[in-house]
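Novice: Predicted model follows, preceded by the sequence.
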Amino acid sequence: MRFPPLISLLAVLVLAAVPGCDRGAHPENAGRRAPDFTVSDGKTTIHLASYRGQVVLLNFWATWCPPCVQEMPGLIQLHHDRPDLAILAVSIDEDEDAYTRYIERRHVDLTTVRDPDQSAAKLYHTEGWPETYIIDRQGIIRRKIVGDPDWSNPEIREYLKTL
């Protein structure tokens, strides 16, 4: 089926206008204050409110999740390239040994904490892994990214700079 040129042009313009960094995922609570939480696993504690004033990437993940494992090197590289960003990785792993081995073997040097009860994930209604919430300096949720994005994508990087 062939579309008239005007319709084709409009479709291309609409697709070009869609931000690539959010993959179309606008959470229900976009534009609202991110739910605060404190999670501690005995080694690391994350209190979200203590990161106010910084752009935060709040990532929910697990060592047994293939897309999460695939995403982690990109998050680590973003952490190295943009140390001004607070990248907070909250793992839902129940197996502490598997989590610890993963962190050590993969040289995960960004802030990560194990939350086997999923207390933080439940506040965000996260049920799929990985999910990342982009939170601005005022603590407002701006985007939700589902799955493994390319964290080196210039569009994502530019979007993060605008916050």
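Specialist: Thanks, I have it.
Novice: Centroid-nearest residue for this structure?
Specialist: What sits nearest the mean C-alpha location of the chain, by C-alpha atoms, centre = their mean, is Thr132, with 2.1 Å.
Novice: Check which helices and strands whichever helix or strand that residue is part of is in contact with.
Specialist: Per DSSP states H and E, Thr132 falls inside strand 131-135. Helices and strands touching strand 131-135, by 3 or more C-beta pairs under 8 Å, 6 or more residues apart in numbering; DSSP states H and E, are strand 56-61, strand 141-146. C-betas here are computed from N, CA, C, even on glycine.
Novice: top helix in this structure by residue count?
Specialist: Longest helix of the chain, by residue count under DSSP state H: helix 66-81.
Novice: as a whole number, average confidence for the strand holding Thr132?
Specialist: For strand 131-135, mean pLDDT is 97.
Novice: returning to what we had before: enumerate every residue touching the residue nearest to the centre of the chain.
Specialist: Listed by C-beta atoms under 8 Å, 6 or more residues apart in numbering, the contact set of Thr132 reads 57-60, 144-145, 149.
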